[in-house]
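In: structure for this input, please:
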Amino acid sequence: MGWFIFLLLVVGAAVAYFWVKKHFRREIERAKRINRANRE
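Out: From the prediction side, this is the model:
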């Protein structure tokens, strides 16, 4: 049973990682643009 919980955790972590990467890339790009504009 322990390995099943471990597997769920690994899959959940992978899904969360890809979701964050997909959704936050746009946010990061916007933040970089804003920071660059503020610096100049």
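In: so which strand or helix has the residue nearest the centre of the chain?
Out: Nearest to the mean C-alpha position of the chain, by C-alpha atoms, centre = their mean, lies residue 20 at 2.4 Å. Assigned by DSSP states H and E, residue 20 falls within helix 2-39.
In: I'd like the average pLDDT over that helix.
Out: The predicted model gives helix 2-39 an average pLDDT of 89.
In: what residues of that helix count as buried?
Out: When burial is assessed from 16 or more other C-beta atoms under 10 Å, helix 2-39 yields no buried residues. Bear in mind the C-beta positions are built from the backbone N, C-alpha and C, glycine included.
In: other SSEs contacting it?
Out: In terms of contacts (3 or more C-beta pairs under 8 Å, 6 or more residues apart in numbering; DSSP states H and E), helix 2-39 is not packed against any helix or strand.
In: so how far is that helix off the chain centroid?
Out: Averaged C-alpha coordinates place helix 2-39 at 0 Å from its chain's average position (C-alpha atoms, centre = their mean, to the nearest Å).
In: cool, and stretch 29-40?
Out: Worked out by C-alpha atoms, centre = their mean, stretch 29-40 lies 20 Å from the chain centre.
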